[in-house]
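Enquirer: pasting a predicted model and its sequence here:
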Amino acid sequence: VQLQASGGGLVQTGGSLRLSCAASGFTFDDYAIGWFRQAPGKEREGVACIVRSDGRTYYGDFVKGRFTISSDNAKNTVYLQMNSLKPEDTAVYYCATSSNYCQVYDYWGQGTQVTVSS
């Protein structure tokens, strides 16, 4: 199983980024894919998750309509569109697979850094 996260970068407050998580080595449709983030000195927190089989999505409370998770079956890729970014969104963002509907995560990709300047 391989997960390749990309799309991070430096953006100003209020800006947008789209993160990508390219997956390979497993049956994509059987898994959910989630995004997590971890800021320096803070615990990792769940950002969003999508269940590939039926399209259900879940979001962390702090997202509040600013982020959207989606998937492209043909490309085996999950995206995280992040709008109205705030400095507190600064973190390393990771994607991970879940074989039980966003409850427990099995495989993790490397992170991509998102930095939001004030």
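Expert: Noted; the coordinates are in hand.
Enquirer: report the secondary structure state of the residue nearest the centre of the chain.
Expert: In the chain, the centroid-proximal residue (Cα atoms, centre = their mean) is residue 35; its distance is 2.7 Å. Following DSSP: H, G, I helix; E, B strand; the rest coil, the label given to residue 35 is strand.
Enquirer: list the contacts for the closest residue in space to it that isn't next to it in sequence?
Expert: Of all residues not flanking residue 35 in the chain, residue 47 sits nearest, at 4.2 Å (Cβ to Cβ, 6 or more residues apart in numbering). Where C-beta positions appear, they are placed from N, C-alpha and C, glycine not excepted. Residues in contact with residue 47 (Cβ atoms under 8 Å, 6 or more residues apart in numbering) are 34-37, 59-60, 63, 67, 80, 93.
Enquirer: who is the residue nearest to the centre of the chain paired with across the strands?
Expert: residue 48, residue 95 (DSSP bridges).
Enquirer: was I right about it contacting residue 81?
Expert: No - using Cβ atoms under 8 Å, residue 35 makes no contact with residue 81, being 10.8 Å away.
Enquirer: overlap of the contact sets of the two?
Expert: Common neighbours of residue 35 and residue 81, using Cβ under 8 Å, 6+ apart, are residue 69.
Enquirer: coming back round to it: what's the spacing between the residue nearest to the centre of the chain and residue 54?
Expert: Separation of residue 35 from residue 54 (Cβ to Cβ, to the nearest Å): 18 Å.
Enquirer: what of residue 44?
Expert: Relative to residue 54, and taking Cβ to Cβ, residue 44 is found at 26 Å.
Enquirer: tell me which of the two has more neighbours.
Expert: Taking residue 44 and residue 54 together and counting by other Cβ atoms under 10 Å, residue 44 has the greater number of neighbours (12 against 8).
Enquirer: residues contacting the more buried one?
Expert: Here residue 44 is in contact with 36-38, 94 (Cβ under 8 Å, 6+ apart).
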